[in-house]
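Novice: Generate a structure from the sequence data that follows.
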Amino acid sequence: MEATQIVGNRALVSSGGGISNEGNLTMNSGTFWMNVASESGGGLFNTGVVHLVNVAISNGNTAVEQGGGIDNTGSLMLGGGSQVQGNSANEGGGIANSGELNLDGAQVLENSASGNGGGVLNHGQAWIVSSTLENNQASLSGGGIYNGSDQNPAALILENSTLLKNQAWRGGDYLMTSRGSRLCVIAPCLEIFTISTIDGSNGGGIYNAGELDLAFVTLAYNHASEDGGGLFNTDGSSLRIVASIVAYSPTGSNCTGGLTSGGYNLSDDPSCLGFDVADPRLAALADYGGPTLTHYLLAGSPAIDLIPPGDCGMNIDQRLFTRPFGQPCDSGAVDLGISGRLLQIDIRPKTQGNRIDISREGLVPVAILSTEDFNAPAMVAPGLLPSDAPDGSYR
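Specialist: Predicted coordinates:
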């Protein structure tokens, strides 16, 4: 299917308001808008195999039960700039999955659930890569993602992805892993941050009641009204963290509950067991290159070069930029690396820009010359940002 619009359809006594698929379906550049299912899968209900590229599942697809945008019990690939936005259901406002789900370069935005899983409800196997989940809401648990339950163990892997401004009453603004489930957030992996809000109980950033591994992760500015603004780990659950940053939780402290630190972790308060306590000096959430928004490391951050060469283990960061090979690398989702030391300036039209090597510690003043006939643009290589210096130098 090419450039197809599925708009305003209803499944009055079944699932799949827009499409119910039992076979093989491929769609490029399509839209699912304002479809309704009395059961599940307001936009799409899938028990077969689906591949969606540059498809918008948005503008009010709804389901009475689960999967306002999509309910998948088969195999589903959603990529190529696809969006799941503004959908609603009782469970899994954007996507409900009990099969195999692969999000690659997708956006899950502004979906809502009256129960669990505002953005994604996962009861199967899910891979979320280079994707963004933002401004999703759940009235109960897992504003961004709810992973598994006591009855439905699940497996979830996140890489190179960003979750922000998701909200839930309980169980984490972002992630909820229930007993019997497994979540592995692996480097260069996930960055969870910014202005999250929990209006009820514990676990502003992540609430873990299962088995959770975090590596090269940044969690910042997460809230909880009680404990665990960044992380809340329940008794009897497994939480292992390495080379990560948990910081700036304005309420609820950064960590609550036991955890196993694999080393090279930073927290700006003493609540995270086994972490080094220091201000990680994170830049504002912004586009520093790559497919998702990230927090950059400011000059003087203790996360810079914290990890010896033999323990780095990963060759790229969340932005898909190269981590140093044979050199120390940085904790958290972003590594300054070599890409953070190059500045390119175009002096004249139709000429190749000059490239200046910049040491990680140094500052280089930059002057741009212009005339009435030509205003020379300055182009900063991805990963470079203004320093704290009052003269606006770049580092």
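
Novice: Just want the most central residue of the chain.
Specialist: residue 162 (1.9 Å; Cα atoms, centre = their mean).

Novice: May I have the beta-bridge partners of that one?
Specialist: On the basis of DSSP bridges, residue 162 is bridged to residue 132, residue 191.

Novice: Go through stretch 281-289 and flag the buried ones.
Specialist: Across stretch 281-289, burial judged by 16 or more other Cβ atoms under 10 Å covers 281-283, 285, 288-289. Just so you know, the C-beta spots here come from the backbone N, C-alpha and C atoms, and that holds for glycine as well.

Novice: and the gap between the residue nearest to the centre of the chain and residue 228?
Specialist: Separation of residue 162 from residue 228 (Cβ to Cβ, to the nearest Å): 21 Å.

Novice: now residue 254
Specialist: Distance, residue 254 to residue 228, by Cβ to Cβ: 8 Å.

Novice: Kindly report the same for residue 95.
Specialist: Distance, residue 95 to residue 228, by Cβ to Cβ: 26 Å.

Novice: So the two - more neighbours on which side?
Specialist: Shown here are residue 95 and residue 228; by other Cβ atoms under 10 Å, residue 95 has more neighbours (33 against 28).

Novice: For that one, name its beta-bridge partners.
Specialist: Here residue 95, judged by DSSP bridges, has bridge partners residue 70, residue 120.

Novice: what stretches of the stretch 151-300 of the chain score poorly on pLDDT?
Specialist: Applying pLDDT under 70 to the stretch 151-300 of the chain flags the ranges 170-203, 226-227.

Novice: For the nearest residue to residue 113 once chain neighbours are set aside, pull up the helix or strand it's in.
Specialist: Of all residues not flanking residue 113 in the chain, residue 93 sits nearest, at 4.0 Å (Cβ to Cβ, 6 or more residues apart in numbering). Assigned by DSSP states H and E, residue 93 belongs to no helix or strand.

Novice: Just confirm residue 93 contacts residue 138, I think it does.
Specialist: Yes: in this structure, residue 93 is within contact of residue 138 by Cβ atoms under 8 Å, at 7.2 Å.

Novice: Now the common contact residues for these two.
Specialist: The contact sets of residue 93 and residue 138 overlap at 112-113, 117-118 (Cβ atoms under 8 Å, 6 or more residues apart in numbering).

Novice: Of these, which pair is most distant in space?
Specialist: Spanning the widest gap among the shared contacts of residue 93 and residue 138 are 112 and 117, at 10.1 Å by Cβ to Cβ.

Novice: Would you mind telling me which of those two has the busier surroundings?
Specialist: Neighbour totals were compared for residue 112 and residue 117, and residue 117 leads with 34 against 21 (other Cβ under 10 Å).

Novice: returning to that earlier point: list just the nearest of the shared contacts of residue 93 and residue 138 to residue 36.
Specialist: Looking across the shared contacts of residue 93 and residue 138 and measuring by Cβ to Cβ, the closest to residue 36 is residue 112, at 15.1 Å.

Novice: quick one, what contacts that closest one?
Specialist: Per Cβ under 8 Å, 6+ apart, neighbours of residue 112: 68, 87-88, 93, 118, 136-138.

Novice: nearest to residue 216, of the residues you listed?
Specialist: residue 136 (23.9 Å).

Novice: Pretty sure the closest one sits against residue 93.
Specialist: Yes: between residue 136 and residue 93 there is a contact under Cβ under 8 Å: 6.6 Å.

Novice: hey, what's in contact with both of the two?
Specialist: 111-112, 118-119.

Novice: Now the two most distant members of these.
Specialist: Maximum pairwise distance in these, criterion Cβ to Cβ, is 9.2 Å, between 112 and 119.

Novice: Could you tell me which residues touch both of those two?
Specialist: Both residue 112 and residue 119 are contacted by 93, 136, under the criterion Cβ under 8 Å, 6+ apart.

Novice: Can you classify residue 241 by secondary structure?
Specialist: Under DSSP: H, G, I helix; E, B strand; the rest coil, the three-state class of residue 241 is strand.

Novice: Could you list the low-pLDDT ranges of the stretch 1-150 of the chain?
Specialist: The model of the stretch 1-150 of the chain has pLDDT under 70 over residues 150.

Novice: can you map out the helices along the stretch 51-200 of the chain?
Specialist: Using DSSP state H, counting those that start in this stretch, the stretch 51-200 of the chain contains no helices.

Novice: sorry, back to before: which neighbours do residue 112 and residue 117 have in common?
Specialist: Counting by Cβ under 8 Å, 6+ apart, the common neighbours of residue 112 and residue 117 are 93, 138.

Novice: And the residue nearest to the centre of the chain, how far from residue 292?
Specialist: In this structure, residue 162 and residue 292 are 4 Å apart, going by Cβ to Cβ.

Novice: Could you do residue 336 as well?
Specialist: 17 Å.

Novice: Tell me the bridge partners for residue 51.
Specialist: Listed by DSSP bridges, the beta-bridge partners for residue 51 are residue 26, residue 77.
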